[in-house]
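mind looking at a prediction? Sequence and model below.
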Amino acid sequence: MLLNIENLRVKYGNIEVLHGVTLQVKQGEIVTILGANGAGKSTTLLSISGLVRVAAGTIFFQNSELQKLRAHDIVKLGIAQVPEGRRIFDTLTVQENLNMGAFVRKDGHQINETREWVYKLFPILKERRQQLAGTLSGGEQQMLAIGRGLMNKPRILLLDEPSLGLAPLLVKAIFQTLDEVNQAGVTILLVEQNARAALKLAHRGYVMEVGRIVLEDTAEALLANPEVQEAYLGGTRA
Amino acid sequence: TIKIGLMAPLTGPWASEGQDMKQIVELLAGELNEHGGLLGKKVEVISADDGGDPKTAALAAQKLVTQDVVGAIGTYGSSITEASQNIYDESKVIQIANGSTAVRLTAKGLKYFFRTSPRDDEQGRVGVQALEKFGYKNVAILHDNTTYAKGLAEEARALLEKKNVNIVFYDALTPGERDYTAILTKMKSARPDGVFFTGYYPECGLLLRQKKEMNWNVPFLGGDANNNPDLIKIAGTDAAEGFYFLSPPVPQDLPSREASDFLKAYKKKYGTTPGSIWAVLSGDGFRVLTAAIKATGSTDSDKVADYLHNKLKNYPGLTGTISFDDKGDRVGEVYRVYRVNAKGEFILQP
Amino acid sequence: MSMLCIKNLTKRFGGVMAVNDVSFEVPAGSIMGLIGPNGAGKTTVFNLITGICRPDQGEIIFDEKSIVNLLTHNIISLGIARTFQTIRLFQNLSVLENVLAGRHSRMKSGSLRAMLRTPFQRGEEEAAIAKAVQTLNFVGLRRDAAQLAKNLSYGNQRLLEIARALATEPRLLILDEPAGGMNEQETTNLITLIRKIRDQRTTILLIEHDMSLVMRVCENIVVLDYGAKISEGTAETVKNDPLVIEAYLGTDEE
Amino acid sequence: MRDHSKIIYSTMTVLLAMSPLFLNKYWVDVLNNVGLYAILGLSLNIIVGHAGLFNLGHAAFYAVGAYTAAIFNTRFNIPVLWLLPLCALSAGLFAAIVMRPIIHLRGDYLCIVTIGLGEIVRIALINDIFGITQGANGIFGIDRPSIFGISIRRPHEFFYLIWGFVAVSVFFFHRLENSRFGRALNYLREDEVAAEGSGINVAHYKLACFVIGAAWAGMVGDIFASKMTIISPESFSFWESVLLFTLILLGGSASIPGVILGAFLIVGLPEVFRGIANARMLIFGGAMIAMMIFRTEGILPSRPRRYVLPDESSGESRA
Amino acid sequence: MEEFFQQLTNGLAVGAIYALIALGYTMVYGVLKLINFAHGELFTIGSYLGLTLLTSLGLSDVFGPVLAILLLAAMVMGLVAVVGALLERTAYRPLRESPRLSAVVSALGASIFFQNAVMLIYGARLRVYPLGILPRTAVNLFGIYLPLVKLLILFASVAIMTALYLYIHKTRIGTAIRAAAIDQGAARLMGIDVDRVILIVFLIGPALGGAAGLMVGLLYGQINFTMGWVYGLKAFTAAILGGIGNIPGAMVGGILLGVIEAMGAAYISIAWKDAIAFVVLILILIVRPTGLLGERVAEKV
Ligand SMILES: Nc1ncnc2c1ncn2[C@@H]1O[C@H](COP(=O)(O)OP(=O)(O)OP(=O)(O)O)[C@@H](O)[C@H]1O
Ligand SMILES: Nc1ncnc2c1ncn2[C@@H]1O[C@H](COP(=O)(O)OP(=O)(O)OP(=O)(O)O)[C@@H](O)[C@H]1O
Ligand SMILES: [Mg+2]
Ligand SMILES: [Mg+2]
């Protein structure tokens, strides 16, 4: 078990938004979390990365208890996140943003290689590499956010709605890339509104509702589940 | 007890003056109490911080008035004093200002207002006399835009113009800065024979030093706000040598017993000498006030004021003899000219 | 008759040709889609229309009137309203007040009337609140009126942005990726809403990457790529245009 | 909850109104200063609290009002209370003219410009601009105000004049903030682009709040001048602007009770610490930090406006 | 003409000091978006600490003047940096998530606190540095008087500015500092220790301020507890003039402000000098709303 979350509770102020979430991710897996707006998916990801404080429960990453570590130490363990809302560094250039993605990497000389790989994935970023990230179009910023996450060469990659605002062609490309990255050994935990695509990519999935995990199954099973279809796949497709 | 108020800038830009004032008045009150107090009662000094700001001063005055002080000593700065004048007057409390030289303060005919400090016009007159004596034809005047310094500068300008001396430069620096080379450069190009600086010693010290550093040897005459030993420290003895300034005589220079006793006691209690003459003038305010109370045997403001106006003559103060005229101004020649010698000592000029 | 007419619009940012000689018309009462790859210049077109930036060249004619040199708030008063690609609500104000922001340009009372609280001002205020509530009802947020905007879920924030825009009583509503971040269920609801808005005789121009939405609601579609228009027509035409497939849609290999 | 605070506020008001009966002159005068700061605070609150504009030069507008009063009173003998409209006009007009070209500056750039304006005005006053401000001496001999022939001189009399003015200000500013105008300021504070995109003329409203705030401060200047009977540039220093700015944030920005409480703190705290003379400002500074840490939003933060919504069952519902 | 160049050099010398303080201002602003009003007081503290060390340690007897001054500078910078870090810890860190204006009030409070603390510790009277520590040699170039020390300060400022610029813009940790300035949460997701980054900034900025305080003490001899307020305001003006958050901007702004003041004093009026400087500042901001070198990121909508 690579990542093991047990009974996770998180509060914003006095309001508890996660009421005991339990989920596991195995080495080499792609796991997706489905759920309506406000279910607590992003909160779950943020608490893994240490950006929100955990009120109760444990998050084990192999032998480390993440809830006791500080955010930057968590990243050093090999956990990268592409956060919701992109959160790129808008007054840094595209290239500087990517470099920041590799901040914790020790293998200095290989960073350039990874960057070239990201540029190949998103050629427009290469064109814009000296532009300030804040002036990129919405979709370009999304590419940058993903690229920045990939720069980390993490052991596990957490993605929060990576396809948001991307053109259809690119959405396909992204999912394909995630598949490739996974093939190369990176474990992936994916939150995605585009549930159908996510389930097609993932091995397993969890369904989350108002701060609780309500369903857990293999991806195929979830795709076939009528309740899931009704709630997250827009019923029978038009 | 008999309560006497002290209004002084204990905080704010003039805090050092105010703190000296407090030390001096408390020292004198202590001595007085040791010798049996006043009218058989102890004297209690109540100090109020005016922060060097008119509005706070008004409050401080209000505070002293409500504590039923017989009289109040203070304060430093003419506009600060002015903001408190009406409050004392309306409550019939005697006020004796120590560092407030603006002419208009006593022009209002307030019955209970006195000052131990001299007036700007007096100083202007003495200053111009000195400049005349030095024989300067082209004079530069520099002030710092404070009420006091500007008043003095204007006074001097008017008198000099009457005497057909050329004012080749007239402007104001901003106090509190460190670098006055721009001003000196400009002043130098006006080629004055001598410079009359009417501002305060911190700036004057810098001016002297920077003037020296740029090898400009013009003589400087300073106003009475320069009578402070720190001037020499700032300027350095070499740069300060030859600097003239006006001042009421400092206690050190007075042959009187009062002055030397006071200096001794002060040094004993606080380990230094008073920072400036203005603080010492608050001591004189305290002394004349208590003297008047003693003489009249009363704390009634009307009686005390009347005594100060009319009966107190040539009282031996720490800064020379003291009498008041009917406006409350101190009468008599107060100002002298000092010169800094090669050791950095202030030498009273004949 | 066309509600909005764009002629030879061009905008450069430094070396980037964000919009390159684009012309199209939005017929009154229609729903029009603006699609294209990321960075094609779609949002920039919206910014040009709403006066947030100025075109280097070209004309924008709204209801027979050129609006190129007008300030944003004037353009809004003329009857164009928009939403933003990244949500820009007044996060610390209530949902109702967010909608009242949209009412602003339809009200008159200034500071003096407010201080004196004249009958006119009070009447106007009441009417504005009534109208705002009505708008909230329309998008289905009536129950959240007292919430702070930041406490709404993402999808509801998107709806609130639309409500705020609608409150200005626009004749042309432009939406920048309204379905972004919504799941398919919510997208379906959004489609219903968009149609409802159109049925109230508001013309709609929208940007969207969710093809299920675009193909279902848009009567006409304009496709941009690298700032230039590469295709235009009905959903059917555009979907089968090889240029569009190549640049944007990709082939459905499933 | 609401009624609770109503009771507290009315008790406070009554207590305050009766306070001159049992306080001595000094404390009444302290309250007078609190009142002046309260009105100034309210006038600045429109700019800082509601519009979120970073104004650290409010003393400039206050000064323009005070000097207008002083000049017209001493030269033309116009009674000071009659000069109120003129002071408002001159300060408002001044704000309109000088802020016009710089109103589009953002955040800290606007901040330094307002500091600059404050300094420019102060320096102009010191240098006796146009020969009418009497330089550093300031203008003296300003009349006390009089109402129906009764001259107001003692602190107790000023108390009712000043706090009457506070009441009027609260009345008007309360209405102002609960209106289209007040909301518009909040919108631009939250997000200028979105405000403009909702049809709000952002530049106009920014300027308008400066003008109104300045005009109001100008009137306070008039009262201040007649209370002190002498005004000089040092009363309008940068420090004064800093105090005003601070009192708003300590009390609670965009909150009328907060601003009034802030005035009490800013004037009152240093008075309370008078006993420890030399250290009083040290403690004051420390208290500022501590209060911001423990009550980030100020002591009485602003509350959401309430609206009476039509329809749907139970009459009043809050929003 | 000679006078013009003399005034230009006068202005450059003053500007160099403004620039040095402005650099610290801008550094802190850059990462916390906080106008650190207490920066001026850190400057004051630097000059007082310098005085204490100078008079108590007698360094110049042991090491000779040059080495002594360098040592002194190192010690002052170190100590002021510690004060800066403590300031951050107590007055700013608890407010990191709070509205910006709250932090500004905290900064103002810190400024008042420090100013009065210095007054209580060292007394209200001005203090004077011992004379004759700095060499008073001056070069006379075509009739223009150039004090060597001021020249050195100018070079030092430029050198420090360059070093800082390279550090912030070309190094990994510098980029991390800028990243943390933009979005602390995202920076942490990159593995950046935001607390450490802010600490670095709060060591560098105050250290520079302290160094400037020491320099002013050595150069002009006279220090008092209120001087930080004046210098702080000038430095803030300078930082804004150049574009706040921008390192070369602080430099340019500082130098320019010094020159504007000197020229204003020389050719218009000494009494109006500060007002003139502000008028020029306002005019510049009307034309360039984010300062001379300020980034003008058109906000992407
Ligand atoms: N900073 C915050 N402060 C207070 N409440 C918050 C905060 N962030 C999120 N919440 C609340 O926590 C709950 C869970 O939010 P979260 O963002 O984790 O949901 P999500 O499943 O990611 O939704 P979405 O699909 O909209 O991204 C929601 O009710 C939200 O309103
Ligand atoms: N202020 C700016 N400065 C520089 N370049 C800009 C600026 N604004 C936009 N651009 C560039 O212009 C191009 C068009 O941007 P725009 O936001 O219009 O794209 P878009 O079609 O909306 O894309 P998306 O679907 O990703 O939102 C982009 O390549 C972007 O990098
Ligand atoms: Mg989420
Ligand atoms: Mg876009």
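Cool, got the structure. Ligands and ions are numbered 1, 2, ... in the order given.

in stretch B:297-309, what's buried?
Neighbour-count burial for stretch B:297-309, counted by 16 or more other C-beta atoms under 10 Å in any protein chain shown, picks out B:299, B:301, B:304, B:305, B:307, B:308, B:309. Where you see a C-beta, it was placed from the backbone N, CA and C, and this is true even at glycine.

what's the mean pLDDT across it?
Stretch B:297-309 shows a mean pLDDT of 84 in the predicted model.

now stretch E:31-48
Mean per-residue pLDDT for stretch E:31-48: 89.

one more: stretch D:213-230?
Stretch D:213-230 comes out at a mean pLDDT of 91.

for stretch C:36-53, same thing?
Stretch C:36-53 shows a mean pLDDT of 90.

over to stretch B:164-180?
86.

same question for stretch C:123-142.
Rounded mean pLDDT across stretch C:123-142 is 88.

so what's residue A:191 up against?
Each residue near residue A:191 by C-beta atoms under 8 Å, 6 or more residues apart in numbering or on different chains is listed here: A:32, A:33, A:35, A:41, A:42, A:45, A:84, A:159, A:160, A:161.

doesn't the second one fall inside a helix?
No: according to DSSP: H, G, I helix; E, B strand; the rest coil, the state of residue A:33 is strand, so it is not within a helix.

that one: how many residues sit nearby?
As a burial measure, residue A:33 scores 24 neighbours (other C-beta atoms under 10 Å in any protein chain shown).

how near is the residue most central in space within chain A to chain E?
Closest to where the C-alpha atoms of chain A average out (C-alpha atoms, centre = their mean) is residue A:159, at 1.1 Å. Relative to chain E, residue A:159 is positioned 12 Å away (C-beta to the nearest C-beta, to the nearest Å).

checking that residue next. Helix, strand or coil?
strand.

where exactly do the strands run in the stretch 101-250 of chain C?
C:172-176, C:203-207, C:220-225, C:228-233 (DSSP state E, counting those that start in this stretch).

and for the stretch 1-150 of chain E?
Here the stretch 1-150 of chain E has its strands, by DSSP E, counting those that start in this stretch, at E:127-128, E:138-141, E:144-147.

if we can go back for a sec, in helices, which of the buried residues of stretch B:297-309 appear?
Among the buried residues of stretch B:297-309, the members found in helices (DSSP state H) are B:301, B:304, B:305.

tabulate those residues (TSV), appending distance to residue B:187.
TSV is the format used below for these (distance: C-beta to C-beta, whole Å):
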residue	distance to residue B:187
B:301	49
B:304	48
B:305	46
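
which of these lies closest to residue B:256?
Nearest to residue B:256 among those is residue B:304, at 24.0 Å by C-beta to C-beta.

is residue A:7 located within a strand, as I assumed?
Yes: counting by three-state DSSP, residue A:7 falls inside a strand.

surely it and residue A:54 touch.
No: counting by C-beta atoms under 8 Å, residue A:7 stays clear of residue A:54, with 10.3 Å between them.

more neighbours: the two, which one.
Neighbour totals were compared for residue A:7 and residue A:54, and residue A:54 leads with 20 against 12 (other C-beta under 10 Å).

what sits against the more buried one?
Going by C-beta under 8 Å, 6+ apart, residue A:54 touches A:8, A:9, A:10, A:47, A:67.

from these, which one has the minimum pLDDT?
Among the contacts of residue A:54, residue A:67 has the lowest pLDDT, at 87.

show me what from the stretch 101-250 of chain C comes close to chain A.
C:153-156, C:177, C:180-188, C:209, C:211-212, C:216, C:247-250 (C-beta under 8 Å from any C-beta of the partner chain).

which among these end up buried?
Neighbour counting by 16+ other C-beta under 10 Å classes C:154-156, C:177, C:180-188, C:209, C:211-212, C:247-250 among these as buried.

in which helix or strand would I find the residue of the stretch 101-250 of chain D found nearest chain E?
Residue of the stretch 101-250 of chain D nearest chain E, by C-beta to the nearest C-beta: residue D:116 (3.5 Å). Applying DSSP states H and E as the criterion places residue D:116 in helix D:107-126.

now that helix: buried residues?
Applying 16+ other C-beta under 10 Å to helix D:107-126 flags D:108-126 as buried.

can I get the contacts of residue A:54 in CSV with distance to residue C:32 and neighbour count?
Putting the contacts of residue A:54 into CSV (distance: C-beta to C-beta, whole Å; neighbours: other C-beta atoms under 10 Å in any protein chain shown) gives the following:
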residue, distance to residue C:32, neighbour count
A:8, 46, 25
A:9, 47, 16
A:10, 43, 23
A:47, 43, 24
A:67, 50, 20
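
near ligand 2 too, which of these?
Among the contacts of residue A:54, none lies close to ligand 2 by the criterion of C-beta under 6 Å from any ligand atom.

Throw these into TSV and include distance to ligand 3, thanks.
TSV is the format used below for these (distance: C-beta to the ion, whole Å):
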residue	distance to ligand 3
A:8	16
A:9	18
A:10	13
A:47	13
A:67	20
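
residue D:75: how many residues sit nearby?
10.

so it lies in a strand, does it not?
No: counting by three-state DSSP, residue D:75 falls outside a strand, being helix.

ok, it - contacts?
Counted by C-beta under 8 Å, 6+ apart, residue D:75 has zero contacts.

now it: how far from ligand 2?
Using C-beta to the nearest ligand atom, to the nearest Å, we find residue D:75 at a distance of 55 Å from ligand 2.

same check on residue E:186?
In terms of C-beta to the nearest ligand atom, residue E:186 sits 19 Å off from ligand 2.

quickly note the distance from that residue to residue A:82.
According to C-beta to C-beta, to the nearest Å, residue E:186 stands 10 Å off from residue A:82.

likewise residue D:226?
From residue D:226 to residue A:82 the distance is 65 Å (C-beta to C-beta).

sorry, back to before: contacting ligand 1 as well, which ones from the contacts of residue A:191?
A:35, A:41, A:42, A:84.

ok so, going back, pull the helix holding residue D:116 out as PDB, backbone CA atoms only.
Provided in PDB are the C-alpha atoms of helix D:107-126 (Å, rounded to 0.1, in the frame of the first residue of the first chain):
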ATOM      1  CA  GLY D 107      -3.100  49.800  -3.800                       C
ATOM      2  CA  ASP D 108       0.300  50.900  -2.500                       C
ATOM      3  CA  TYR D 109       0.900  53.400  -5.300                       C
ATOM      4  CA  LEU D 110      -2.200  55.200  -4.300                       C
ATOM      5  CA  CYS D 111      -1.000  55.000  -0.700                       C
ATOM      6  CA  ILE D 112       2.200  56.800  -1.400                       C
ATOM      7  CA  VAL D 113       0.400  59.400  -3.500                       C
ATOM      8  CA  THR D 114      -1.900  60.200  -0.600                       C
ATOM      9  CA  ILE D 115       1.000  60.400   1.800                       C
ATOM     10  CA  GLY D 116       2.600  62.700  -0.700                       C
ATOM     11  CA  LEU D 117      -0.500  64.900  -1.000                       C
ATOM     12  CA  GLY D 118      -0.600  65.100   2.800                       C
ATOM     13  CA  GLU D 119       3.000  66.200   2.900                       C
ATOM     14  CA  ILE D 120       2.600  68.600   0.000                       C
ATOM     15  CA  VAL D 121      -0.300  70.300   1.800                       C
ATOM     16  CA  ARG D 122       1.600  70.500   5.000                       C
ATOM     17  CA  ILE D 123       4.700  71.900   3.400                       C
ATOM     18  CA  ALA D 124       2.500  74.400   1.500                       C
ATOM     19  CA  LEU D 125       1.000  75.500   4.800                       C
ATOM     20  CA  ILE D 126       4.300  75.900   6.400                       C
END
